[in-house]
Each structure stands twice: as structure tokens, then as C-alpha cells.
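Engineer: Sequence plus the predicted model coming up.
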Amino acid sequence: MLFLLLSVALSINMESIDFDGQNRALAEMLFSLNPAASMTHDYARWLRTAPRMQALDQRPELVSADIAASGRQGSMDHIRNRVDAPILVQGGTLKTWSYNSAAVERVQVYLTTEGRPLDADIELWQGPDNTPTKMRVYSEDGQARPFNAVIETPQSPNTVAIRNIGQIEFPLAASLIANDVDAPVSDFPATSMTVQGGALRTFPFPAPVERVEVMLKTDGRPLNARIELLQGPNNNKQVIELYADDGLARPFFAIIDTMGSGNVVRIVNTAPIEFPMTASVQPHFVDNSESPLEPVIGGDQ
């Protein structure tokens, strides 16, 4: 009888451990599925803990996908050691990250999924009822085209709120980095152009360009913009709707994955004509190993 009671207690305890480990493992698993992105987690270190490995055994299809993708390496793997453990955000839930130190001047936000759609609201809270930055993010495939952007936090305290507005079947993994963020590789004053209020600009890119960087600024006026990644006529692969109360103190910078051919980045200034902005859209990573004579089909390659 004593042995039976001990067995029941141990099984209950292990169930709770496996449940917690599964949540952590699933969040890290979503990151591991995209090693070409800038925030891939170390797969070997991830598998050291038994609860996480048990959780992976329950999703063998994701393990095989991770192993199959592990052969690809991106150009931004150097920052993987800076990433804290990603947080799983279930559909319809909200997670917040608070920064009370004035030393935190900017935060890089990275969101990904296991290949399902990504639909999220991102807000910067600064004091009660003060939201200086808002973003609505959509991606058709959060694994192939994750969301990767930098939010400026010039004053403190700050709180970054991420709400998964997708259905409960579409969880996402979120991770944030403070200060030690990616920077543009292009010279903004030399590559930027003015986009008047209500105007539209398009930027096509050839197939070897695998990632592009987008930076938007104003002269201190509000920043309202819509950034779209198109692959084919009116085929939105990723959409970012942006608002910032001061486009000079809080400019927008994002890195967008542009896998395949026929990619076009479209920038729309959704503000009135009195609020122009300057925009720079340039290649961030170009894969020169591909032959220009090799045919490329749109989508994942």
C-alpha cells in the first residue's frame, strides 16, 4: 500500500514537471525551427533537461523539422548567445516585459511560430495610460518570416506588451533583447527618401536578397505607416501597421526575411499629408553563393 501511494504521488509530481517543461520546450522549439533567423537557440543545450526532452518526444514531427533545418546557418547566428529563454504566448493571451532602468534605451523583439500564421499586437507602455508605440503584426508563416524589430525606449520605466490575437491553436514564441540589438548595415541619410502623407513607395528585391532592413523616421511628428511584404500581385506575406507618437525619438527599424523570388516591400504613409516621413529599405543579407542562372521558385527555398 505504501509503495502504491508513493507511486501515485511521484506520478502526479512528474505530470506537473512535464507540463511546465512542455511549455518551455514548445517556446524554444518554435525558435529552433528557424536557424537562419537572428535569434536561434542552441539546440544541444536545450536538450540537456529531461522534462524538455520528454516534451519533445510528444511532438516528434517538430523534432524532425528542427533536425532537418539544423543544416542551414544564417548570417546572424552571432547573437544567439544573447537571447534569454523564449516565452510561449498562447492564442488570446498577453505577456509583458518590464524595464525599470534608464540604461535600457532600446529593445529588440523577435516573434516566431512553428509554421503557422503569426498575428500579434505589440505595445510600448510608458506610465499610466501612455502608449507611445503600437504595432499590429501579421505573418502568413511565422517560421519562414518571423517578426524582428527594434523598439526605442528613450525614457524609463518601460513595459513591452505582446498580445497574441490569433486563435488558441496558433501559439507564438517571443523573446526580447535589451540594448545589445541589431543595427542597420546601410547609411540611413544616404539611402533614405521622403514619403509624403498618404503616399506609397515600393522596393523590389532580387532572389539572392534573403533579408532586408526597413527604417522609418520623422522630424519629431507622429509616425503612422504600413509595411507590407508582397510576393506576387497583392499577395501579402507579412504586414506591419505602425504608430509612434514621435518618429524622431522612436524611429522604427525592422529586419524582414525575403525568401524566394518576386519579393517587394511596400511602404505606405498612412498619416495625413502634413506628416511626411523618411524611409530607407535596403538589403540586410545577400546570399552570393547562389548562381544567377539557377531558377528560383517563389516561397521557401
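Structural biologist: Ah, there it is. None of the values given here were measured: they were computed from a predicted structure.
Engineer: can you pull out the helices in the stretch 51-200 of the chain?
Structural biologist: Ranges of helices in the stretch 51-200 of the chain, per DSSP state H, counting those that start in this stretch, are 60-69, 188-191.
Engineer: Least reliable of these by average pLDDT, please.
Structural biologist: When these are compared on average pLDDT, helix 60-69 comes out lowest at a mean of 33.
Engineer: where are the low-confidence patches of the stretch 51-200 of the chain?
Structural biologist: 51-84 (pLDDT under 70).
Engineer: and this structure, what are its domains?
Structural biologist: 2-69, 184-301 (automatic domain parsing).
Engineer: tell me, which of those domains is the model least confident about?
Structural biologist: Of all those, mean pLDDT reaches its minimum on domain 2-69 (a mean of 43).
Engineer: how near is R136 to T194?
Structural biologist: For R136, the distance to T194 equals 24 Å [CB to CB, to the nearest Å]. (Glycine included, C-beta is placed from N, CA and C.)
Engineer: which residues does the nearest residue to T113 once chain neighbours are set aside contact?
Structural biologist: Closest residue to T113 apart from its sequence neighbours, by CB to CB, 6 or more residues apart in numbering: G142 at 3.0 Å. Going by CB atoms under 8 Å, 6 or more residues apart in numbering, G142 touches 30, 111-118, 172.
Engineer: can you count the residues close to the residue nearest to P251 when sequence neighbours are not counted?
Structural biologist: Closest residue in space to P251, ignoring its immediate chain neighbours: K217 at 4.3 Å, by CB to CB, 6+ apart. Using other CB atoms under 10 Å, the number of residues around K217 comes to 20.
Engineer: start the count at 43, not 1, going forward
Structural biologist: All right, first residue 43 from here; so that's K259.
Engineer: which ones are touching K259?
Structural biologist: By CB under 8 Å, 6+ apart, the neighbours of K259 are 230, 234, 265, 289-290, 293-294, 319-320.
Engineer: The residue nearest to T155 and L242, how far apart?
Structural biologist: 26 Å.
Engineer: ditto for V328
Structural biologist: Taken as CB to CB, the span from V328 to L242 is 25 Å.
Engineer: count of residues packed around T201?
Structural biologist: 16.
Engineer: separation between T260 and P199?
Structural biologist: To P199, T260 is 25 Å away according to CB to CB.
Engineer: if you count what's nearby, which of the two comes out ahead?
Structural biologist: Higher neighbour count among T260 and P199: T260, with 23 against 14, using other CB under 10 Å.
Engineer: who are the neighbours in contact with the more buried one?
Structural biologist: Counted by CB under 8 Å, 6+ apart, T260 has contacts 288-290, 317-320.
Engineer: Drop anything exposed from the residues you listed.
Structural biologist: 288-289, 317-320 (16 or more other CB atoms under 10 Å).
Engineer: Need the nearest residue in space to I315, chain neighbours excluded.
Structural biologist: G239 (3.9 Å).
Engineer: again, but for A144
Structural biologist: Per CB to CB, 6+ apart, closest to A144 is S198, 4.3 Å.
Engineer: ok, the one you found - how many residues close by?
Structural biologist: Close neighbours of S198, defined as other CB under 10 Å, add up to 15.
Engineer: Is it correct that it is in contact with Y141?
Structural biologist: Yes: S198 is within contact range of Y141, at 6.7 Å (criterion: CB atoms under 8 Å).
Engineer: name the helices or strands packed onto the helix or strand harbouring H326?
Structural biologist: Using DSSP states H and E, H326 sits within strand 319-328. Here strand 319-328 touches helix 230-233, strand 235-237, strand 242-247, strand 251-259, strand 265-273, strand 305-311, going by 3 or more CB pairs under 8 Å, 6 or more residues apart in numbering; DSSP states H and E.
Engineer: Residues contacting the fifth one, please?
Structural biologist: Applying CB under 8 Å, 6+ apart, the contact partners of strand 265-273 are 187, 256, 258-259, 278-286, 288-289, 292-294, 296, 298, 300, 302, 304-313, 317, 319, 321, 340-341.
Engineer: Now list the buried members of these.
Structural biologist: Using 16+ other CB under 10 Å, the buried members of the contacts of strand 265-273 are 187, 256, 258-259, 279-286, 288-289, 292-294, 296, 298, 300, 302, 304-311, 313, 317, 319, 321.
Engineer: The residue nearest to T155 and M177, how far apart?
Structural biologist: For G184 relative to M177 (CB to CB), the value is 15 Å.
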